[in-house]
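Engineer: whatever this is, show me its structure:
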Amino acid sequence: MNTPTTARIVAVLAACASAGIAHAEPAFDAYLPATITTIVQGRYSADTPPAVKIKSGQTVKIDTLNSTELNSADYTKVLTDAGIPLDTPYIKETIAALSAPAPTDPLGRLTRVGRLLTGPVYVEGAEPGDTLEVRVVDLTVLSDFAINRTITNMGHPLATITPAPTARVYKLDRAKKTVKFNANIEVPFWPYLGEMGVSPSAEMGMYTANRPSKLTGGSFDCPDLGKGASIYFPVHVPGALFMAGGGKATGANGKVNYFGMEVPLTAYLQFIVHKDKPVPQVRAENATHYITFGTADVLDVVMRLSCIELVDFLKEKAGLDFFFSYSLGCLAIDFNITRANTTGQLMHTTIPKYIFISDKPSYWYSGELAPKYYLPGNYFSPSKKQIPLAGL
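Structural biologist: From the prediction side, this is the model:
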């Protein structure tokens, strides 16, 4: 039923969509296209040569590819069955990357197809003991379709009862910024990079993609790290050697069937080195929240580690002792299951900035927020005015 409240909500979403497409391309200092020479398949390693070198404060335009971790033959079949031409931009590059020699592990064994990462970006002046801040200035979806799929036997909560591996192709409306899920369901865009990380040191060894690490980042798959987010990485090697991939048109916390709406993305990322200010592990923030993480292979352990990291953050941020930090976590802070996947379970806490009433707003981003902030259940318009509830 088209109630006045429903009409207002639709108008809000339309305004958000218009705001999202009617803007000029952000300024950037370097361009890193996704080619056979700039794509790294499924790993972070200190011996990977940089694809581009920049200075602290500069912005890089980075193209990313996404095969949903399918091999070349399976990826080609999914697209062909959906009637998508294989010479479509970014599909050609993806097939070429998948057709390259298969990666090997440190023992020389062939590894399964991993996420396609673009990079590395070498940031001059970044040294071990520093912190690298990566600002997500903007994200642009590059295709008119997205792939969501699931697998059997491993990786997600219902893997053992999933009847068969399935890949479905969904049509995107890039003008409206929506995914056409079926005749009655449209899902609004909020693009984000599922994979962002820095290189481990040589002593730490090679880290695989599609797995989160509190020390290097990697597969965080966190919808709250879209446009306007800042992610803070400990630096382990000179230059930090940052890479990105795993683009999503949209996705939800939990990542329960193992994949989001997987797409190629162009990311505009600004890199800032904070000298001699190490963070103990990867942290983040956006315009509305501070964000901390906990990761392990068992969800109970993830929860415990998330609580420990939250307590540590609040001790630093607000000078609280253990009890008050832990108490605030119970009273005002959400614990979100980011990844319910057996390749590394992840939880992120969202700590609302508005509770710190003496802080003066100074965040670098003040633009559009994720659609969830404008949908029923939140009741805010883009102008931050409350939308009246039906019947009130």
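Engineer: number of nearby residues for the nearest residue to Asp29 once chain neighbours are set aside?
Structural biologist: Distance criterion CB to CB, 6 or more residues apart in numbering; nearest residue to Asp29, sequence neighbours excluded, is Gln58 at 4.0 Å. Heads up, the C-betas are built off the backbone N, CA and C, glycines and all. Neighbours of Gln58 under the rule other CB atoms under 10 Å: 18.
Engineer: then Asp312?
Structural biologist: If you count neighbours by other CB under 10 Å, Asp312 ends up with 15.
Engineer: so which helix or strand takes in it?
Structural biologist: Assigned by DSSP states H and E, Asp312 belongs to helix 299-318.
Engineer: show me what counts as buried in that helix.
Structural biologist: By neighbour count on 16 or more other CB atoms under 10 Å, the buried set for helix 299-318 is Val302, Met303, Leu305, Ser306, Cys307, Glu309, Leu310, Val311, Phe313, Leu314.
Engineer: now tabulate those in TSV and tack on pLDDT.
Structural biologist: Converted to TSV, the buried residues of helix 299-318 look like this (pLDDT from 0 to 100):
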residue	pLDDT
Val302	97
Met303	97
Leu305	97
Ser306	98
Cys307	98
Glu309	98
Leu310	98
Val311	98
Phe313	98
Leu314	98
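Engineer: contacts for stretch 204-217 next, please.
Structural biologist: Defining contact as CB atoms under 8 Å, 6 or more residues apart in numbering, one finds that stretch 204-217 is touched by 42-46, 69, 105-106, 111, 114-115, 117, 195-200, 218-221, 231, 233-234, 236, 245-246, 281-282, 293-295, 305, 309, 339, 343-344, 346.
Engineer: low pLDDT regions in the stretch 201-350 of the chain?
Structural biologist: Regions of the stretch 201-350 of the chain meeting the criterion pLDDT under 70 are absent.
Engineer: do a quick rundown of the strands in it.
Structural biologist: For the stretch 201-350 of the chain, the strands defined by DSSP state E, counting those that start in this stretch occupy 207-208, 212-213, 217-219, 230-234, 242-248, 265-274, 283-285, 289-296, 334-339, 345-352.
Engineer: before we move on, the earlier item: need the contact list for the residue nearest to Asp29.
Structural biologist: Applying CB under 8 Å, 6+ apart, the residues near Gln58 are Asp29, Ala30, Gln270, Phe271.
Engineer: distance check, it against Glu124.
Structural biologist: Distance of Gln58 to Glu124, computed by CB to CB, to the nearest Å: 9 Å.
Engineer: for the strands of the stretch 201-350 of the chain, give me TSV that also has distance to Asp138 and mean neighbour count.
Structural biologist: Formatted as TSV, the strands of the stretch 201-350 of the chain follow (distance: least, CB to CB, whole Å; neighbours: other CB atoms under 10 Å):
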stretch	distance to Asp138	mean neighbour count
strand 207-208	27	20
strand 212-213	24	26
strand 217-219	20	28
strand 230-234	14	22
strand 242-248	13	29
strand 265-274	4	21
strand 283-285	17	23
strand 289-296	19	22
strand 334-339	22	20
strand 345-352	22	23
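Engineer: to Leu79, which of those strands lies closest?
Structural biologist: Nearest of the strands of the stretch 201-350 of the chain to Leu79, taken as CB to CB: strand 242-248 at 16.4 Å.
Engineer: and the closest one with strand 265-274, angle?
Structural biologist: 140 degrees (axes from the mean of the first three to the mean of the last three CA atoms, to 10 degrees).
Engineer: helices or strands next to strand 242-248 in the packing?
Structural biologist: Judged by 3 or more CB pairs under 8 Å, 6 or more residues apart in numbering; DSSP states H and E, the packing partners of strand 242-248 are strand 59-64, strand 116-124, strand 131-141, strand 192-197, strand 265-274.
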